[in-house]
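Enquirer: show me the folded form of this:
(2 chains)
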Amino acid sequence: MEYVIEMLNIRKVFGNFVANDNITLQLKKGEIHALLGENGAGKSTLMNVLFGLYQPDGGEIRVKGKTVKIANPNVANDLGIGMVHQHFMLVDTFTVTENIILGSEPTKRGQIDMKRAEQEVRELSERYGLAVDPTAKIADISVGMQQRVEILKTLYRGADILIFDEPTAVLTPQEIQELIQIMKTLVKEGKSIILITHKLKEIMEVCDRVTVIRRGKGIGTLNVSETNPNELAAMMVGREVHFKTEKKPPKVGKPVLEIKDLVVKDSRGVTVVDHLNLTVHSGEIVGIAGVDGNGQSELIEAITGLIKSESGSIKLNGKEIRNLTPRQITEAGVGHIPQDRHKHGLVLDFPIAENMVLQTYYKEPYSKNGILNFKKIYEKARQLIQEFDVRTPDEYTKARALSGGNQQKAIIGREVDRDPDLLIAAQPTRGLDVGAIEFIHKRLIEQRDKGKAVLLVSFELDEIMNVSDRIAVIYEGKIVAIVDPKETTEQELGLLMAGSKRKEAGVSS
Amino acid sequence: MNSNRLTNIMIPIFAVLLGILAGAIVMIVSGYDPIAGYSALLYGAFGDRYYIGETIRQVTPYILAGLAVAFAFRTGLFNIGVEGQLIVGWLAAVWVGVSFELPKFIHLPLAILAAAIAGALWAFIPGILKARFKVHEVIVTIMMNYIALHVSNAIIRSVLSDQGFKSEKIHASASLRSEFLQSITDYSTLHYGIIISLIGAVVMWFLLEKTTKGYELRAVGFNQHASHYAGMNVNRNIVLAMVISGAFAGVAGAMEGLGTFENISVKAGFTGVGFDGIAVALLGGNNAFGIIFAAILFGALKVGALEMPSSADVPTELVDIVIALIIFFVASSYLIRLVLNRFKKEGK
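Expert: Numbering: from 1, shown residues only, chains lettered A, B, ... in the order given. Presented below is the predicted three-dimensional model:
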C-alpha cells in the first residue's frame, strides 16, 4: 500500500516546550485518517509543520515516497496539500468564485476571466456534490456553505491531500451529516483526508484509521474497525474516561430561581423570550434543551442583567432581581459561566490572576481603600489554578495564552469559588475534549450536591441528558415541556425542540 | 518572555537609529554635512548647561502630553484632543495666575488645579458623547481642538487683554520659574514643572497598575463586554478615562503658562505639543516610564534643532524634514517589529 504522506519521527520544540516529540503519521492514498488528541496535545503543531508554517526540528516528511522540505505554505500547495481551516479565511463581501480564485485568478487580456472561473467552480462543485452557488456572496450563505467554499478553494488549487481542522465544531448536526457525505465523496474521487478532531463519534463514523497523540507524543495508530470509543478516549487522555457521569439522586430543596411571564425583546424589537416560566430549586440541575436561537442566550442575559427585559418577574431566593445591574445580581448570589468565554468570560490580555478576581476585585481582601492587594490576588489565583487544574506556566500568564479548556476551567473556578446560590452554565463544554468535559460535568454536579441550583444551557443533547435532573425544552422563547431525562429519549427531545407540542408545560415545576 | 521584553526595548532604539540614518541621507543628498548637522543637534540639546536646561524645559510638557494620550489609550480610547485640552489648561492657569493675588503655596497649586479641571472638562465632552451616543471620540476631540484654539484666542483678546495679543504676565506667586534653576543652567528658562511632570508619570503608573479604579479602566480598555459582565459601569469608566486624560493635558498647558511663558498669547495655530504627545506615547509604549524617555528624545530634537541652522548651516526647512523622518520611523515601529521578527526566525 502506497503512502501519500509520511511524517516520520517529527519533533518540534518551542523554547523549553516540546510540542511534538517524535510523532509519526502515515497517510494512505484514499483514506480518511483521524488525528486525535486533547486540546494542546500538539495536533495543530504537527499539521502546521506539514503545511509549511513551522519547520520541524527533527524527523522527515515524505510526499508520495519522496523526501521533501516544506519551507512555506506555497510549497505545500504545490505538493497538493490543502488545509480547510477551522476559522474560515474568506472575504465576506466577495462572491464564492471571487474568494476561491483569490491569489490565483485566471486572466484574459489582463482582466479577470470571471466567466471561466465561475464555470470551473461550478464543475468542481458538481463533481464533488458540494451544491455551492458560485455567484452567491459569502455574507449571504450559511456557515456550512462557507466551509464548502473553503473545501473548494483547496480543490481549485489542485489539492489531493486535504487537512480538515476540527471541521464540525461550527456545524449543526444536519450539516455534520452532509459534511461526512462530502468527505466520503472526496475519498471516492481519489483524494486523501486528514481529519483533526477530538470527537470520537465522528471518527467511528467516517474514518478508516486513527493516529492518537497525547502531550506531544505519538501514542499509536489503529484501524477504526478494530477499536471502540472507550479505547480511543483512554488513549487520548491517558486514563479511563466515563462517558456517563456518575451522580446521586438529587436532594431537591426550596426554589432558588423563579421566573414568571418573562418577556425579552432583542435589539430589533422582536420578542425572543415570550412569557417564559421556569423554576430551579436548590440541589437540582435544570437543563435547557433547544435549537440555537430559540431565546436561550437572551434568557440568560436577562437573568444576569446583561440585557434589560420588558416585563415579568425573576426572583432569586424570593427577592426580585429583574433589571438590576449585573453587579447587583452577581452580589445577590448568581454565578455565570458565559456562552462566549472570549467575549464575556475573560479579559484575554489580563493575566490569569487578574481574571480570577473579575467580579470581586473591589472587595476585601483584594482591594483596600481603593488600592489593589496583589499579594492576595495572586494567592487566590494560585489556589484556584491548583484546585481546578488550570494548566498554565504561572498565574502571571495572560489568559490569551491558555488553551480553550484551561480558559474554561479558570472561569468555572472563579464562578464556583464565589459560592453562588444559582450557577448558570451556558454551553460550558463547547469545543472542549472529553477529559475537560468530564471534569466540568463533575464540578457542576458537585455544586448541585452542595445544595446549589444549577441552570445548564447546551445544544449538545448528550450533555443535557447526562447532567440534568430535569430537562426544560425551549421553543420560540417559551418552555414547551419539562421532561425527566430518565424517561425520555433523544427522539422525543428532538421532536419537542422542533416545536411539536406533545407535552404542554403549563406547570412550571 | 525575556526575549520579548528585549525586542520591546530594541524596537524604539532601532527606529530612532533608522530615522537618524534617513535624515543623514537627506542631508547628504541636499549637499550638507550630516556629521556637522548632527553634532550641532547634539550640542544644541546637551552641549552645555544652558542647552540642557532648555531641553528639560521642553521635555516637561511632552511628558504630560504623552501621559494624557497614553492614559486614554490604555483604556481603549484615542484622545486626539490633547492639543485642545492643553490650550484650555494653559488659558485657565494664566487666568488664575493674573486674576488673584495669593500666597504662593495656595496660588500655584490653585492655578495648576484650574488647568487640570479645564483640560478635564474639555475632555469630558467627547467622553460623555462617546458613552451616551457612541459618537467616535476621534472626531469630537479633533473638533474640540479648533474650538479650544479659537475660544481661547477670543478670551485672550477680550478678557485677558484689551484687544491685545497677549495676556498680562502672571503674578510671581503663581509662577513655576525658579532663580535657582535658572542660575545653575546659565539662565535658561528651566522651571519647576519638570518635577510636576515626573510626579505625573508616577501618578499615572500608580493609578493604572495599583488601584482598584485602574484595574477597572484597564479591563474596560481591553474588553468592554467582559467588563460589563463583571459588573463594571462601562460608560462611567469611559468618561472617567477621558477626564483623567484631559487633566494630564491641562497640566501640560499649565507648564507653558506658569513656567515657560508666564502668560498666554493669541495663537495663529496649534502648539503641536499635544500632537507630538501622540508620538511620545507611541514611542514610550504607553508606559509611564517609557514616556519619560520618549519625551526626552522629542525635547532634545526640538531644542537641539534650533542650533542646526546657525552652526551647521542646515536650513530650518531641512531640519524639520530630518526631525520628521526620525518621528516617522519611530511611528512605523510596527514595520520594524516585523523586520526584527523575520530576522529572528531566520536566525533560528
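
Enquirer: only C-alpha atoms from now on, for both contacts and neighbour counts.
Expert: Noted.

Enquirer: up against chain A, what does chain B have?
Expert: Contact residues, chain B versus chain A (Cα under 8 Å from any Cα of the partner chain): B:210-213, B:219, B:222-223, B:225-232.

Enquirer: which one of the residues you listed is nearest residue A:146?
Expert: Among those, residue B:225 lies closest to residue A:146 (Cα to Cα), at 27.4 Å.

Enquirer: isn't that closest one right up against residue A:346?
Expert: No - using Cα atoms under 8 Å, residue B:225 is not in contact with residue A:346, being 9.2 Å away.

Enquirer: between the two, which one's more packed in?
Expert: Using other Cα atoms under 10 Å in any protein chain shown, the more surrounded residue of residue B:225 and residue A:346 is residue A:346, with 31 against 19.

Enquirer: can you report how many residues lie near the residue in the stretch 401-509 of chain A that chain B sits nearest to?
Expert: Closest to chain B within the stretch 401-509 of chain A is residue A:415: 11.0 Å, counting by Cα to the nearest Cα. Residues within reach of residue A:415, counting by other Cα under 10 Å, total 23.

Enquirer: quick check: it touching residue A:337?
Expert: Yes - using Cα under 8 Å, residue A:415 makes contact with residue A:337 at a distance of 6.9 Å.

Enquirer: which residues are in contact with both of the two?
Expert: residue A:423 (Cα atoms under 8 Å, 6 or more residues apart in numbering or on different chains).

Enquirer: leaving out the residues flanking it, which one is nearest to residue B:186?
Expert: In space, and not counting its chain neighbours, residue B:186 is closest to residue B:50: 5.0 Å by Cα to Cα, 6 or more residues apart in numbering or on different chains.

Enquirer: please tell me how far the closest residue to residue A:41 other than its chain neighbours sits from residue A:22.
Expert: For residue A:41, ignoring the flanking residues on the chain, the nearest one in space by Cα to Cα, 6+ apart is residue A:215 at 4.4 Å. Per Cα to Cα, to the nearest Å, residue A:215 is found 12 Å from residue A:22.

Enquirer: got it, and residue A:220?
Expert: Counting by Cα to Cα - residue A:220 and residue A:22 are separated by 12 Å.

Enquirer: looking at those two, which one has more neighbours?
Expert: The neighbour count for residue A:220 versus residue A:22, taken as other Cα under 10 Å, is higher for residue A:22 (18 against 15).

Enquirer: got any ranges where chain A has weak pLDDT?
Expert: The model of chain A has pLDDT under 70 over residues A:1, A:243, A:501-509.

Enquirer: that older thread, quick one: contacts for the residue of the stretch 401-509 of chain A closest to chain B?
Expert: Here residue A:415 is in contact with A:335, A:336, A:337, A:423 (Cα under 8 Å, 6+ apart).

Enquirer: next, count neighbours for the first one.
Expert: Read that as residue A:335. Look at residue A:335: counted by other Cα under 10 Å, it has 25 neighbours.

Enquirer: that one should be in a strand, yeah?
Expert: Yes - the assignment for residue A:335 (DSSP: H, G, I helix; E, B strand; the rest coil) places it in a strand.

Enquirer: how about it, what does it touch?
Expert: By Cα under 8 Å, 6+ apart, the neighbours of residue A:335 are A:415, A:416, A:418, A:419, A:420, A:421, A:422, A:423, A:424.

Enquirer: let's go with 7 Å and repeat that
Expert: For residue A:335, the residues meeting the contact criterion (Cα atoms under 7 Å, 6 or more residues apart in numbering or on different chains) are A:415, A:420, A:422, A:423, A:424.

Enquirer: inside helices: which ones of the residues you listed?
Expert: Of the contacts of residue A:335, the ones assigned to helices by DSSP state H are residue A:415.

Enquirer: is residue A:84 in a bridge, and if so with what?
Expert: Applying DSSP bridges to residue A:84 gives these bridge partners: residue A:164.

Enquirer: buried sites along stretch A:281-300?
Expert: A:281-291, A:294-300 (16 or more other Cα atoms under 10 Å in any protein chain shown).

Enquirer: quick one: terminal-to-terminal distance for stretch A:334-341?
Expert: 17 Å.

Enquirer: and the two most separated of the contacts of residue A:415?
Expert: A:337 and A:423 (7.7 Å).

Enquirer: and the one helix or strand residue B:17 maps to, what's its mean pLDDT?
Expert: Element membership of residue B:17 [criterion: DSSP states H and E] is helix B:2-29. The average pLDDT within helix B:2-29 is 81.

Enquirer: please report which of the contacts of residue A:335 has the highest neighbour count.
Expert: residue A:422 (28 neighbours).

Enquirer: what sits against it?
Expert: Contacts of residue A:422 (Cα under 7 Å, 6+ apart): A:256, A:333, A:334, A:335, A:452, A:453, A:454.

Enquirer: one more pass at 8 Å, please.
Expert: By Cα under 8 Å, 6+ apart, the contact set of residue A:422 is A:256, A:257, A:333, A:334, A:335, A:452, A:453, A:454, A:455.

Enquirer: tell me who's in contact with residue 53.
Expert: I'll assume chain A. A:71, A:72, A:73.

Enquirer: nope, chain B
Expert: Contacts of residue B:53 were listed using Cα under 8 Å, 6+ apart, and they are B:182, B:185, B:188, B:189, B:190.

Enquirer: helix/strand/coil for residue 194?
Expert: Assuming you mean chain A. Secondary structure, three-state DSSP: residue A:194 is strand.

Enquirer: and it, how close does it get to residue A:84?
Expert: Using Cα to Cα, residue A:194 is found at 10 Å from residue A:84.

Enquirer: now do residue B:35
Expert: 56 Å.

Enquirer: re earlier: just curious, which of the contacts of residue A:415 is nearest to chain B?
Expert: Among those, and counting by Cα to the nearest Cα, the member closest to chain B is residue A:336, at 9.0 Å.

Enquirer: surely the closest one touches residue A:425?
Expert: Yes - at 6.0 Å, residue A:336 and residue A:425 qualify as touching, with contact defined as Cα under 8 Å.

Enquirer: neighbour count winner among those two?
Expert: The neighbour count for residue A:336 versus residue A:425, taken as other Cα under 10 Å, is higher for residue A:336 (28 against 22).

Enquirer: residue contacts, that one?
Expert: Taking Cα under 8 Å, 6+ apart, we find residue A:336 in contact with A:304, A:415, A:423, A:424, A:425, A:426.

Enquirer: quickly list what the fifth one is bridged to.
Expert: Note on residue A:425: beta-bridge partners by DSSP bridges are residue A:337, residue A:456.

Enquirer: contact partners for residue A:97?
Expert: Taking Cα under 8 Å, 6+ apart, one finds A:117, A:118, A:121, A:134, A:135 in contact with residue A:97.

Enquirer: can you give me the strands for the stretch 1-150 of chain A?
Expert: For the stretch 1-150 of chain A, the strands defined by DSSP state E, counting those that start in this stretch cover A:3-14, A:17-28, A:32-36, A:58-63, A:66-68, A:81-84, A:107-108, A:111-112.

Enquirer: typo on my end, it should be the stretch 151-300 of chain A
Expert: In the stretch 151-300 of chain A, the segments counted as strands under DSSP E, counting those that start in this stretch are A:161-165, A:192-197, A:209-214, A:217-223, A:255-265, A:271-281, A:285-289.

Enquirer: what comes up buried for stretch B:135-148?
Expert: In terms of neighbour count (16+ other Cα under 10 Å), stretch B:135-148 has its buried residues at B:137, B:138, B:140, B:141, B:142, B:144, B:145, B:146, B:148.

Enquirer: right, and the fifth one touches residue B:80 too?
Expert: Right, the one you point to is residue B:142. Yes - using Cα under 8 Å, residue B:142 is in contact with residue B:80, at 6.0 Å.

Enquirer: spell out the secondary structure type for residue B:77.
Expert: The three-state label given to residue B:77 by three-state DSSP is coil.

Enquirer: where's it relative to chain A, distance?
Expert: Distance, residue B:77 to chain A, using Cα to the nearest Cα, to the nearest Å: 16 Å.
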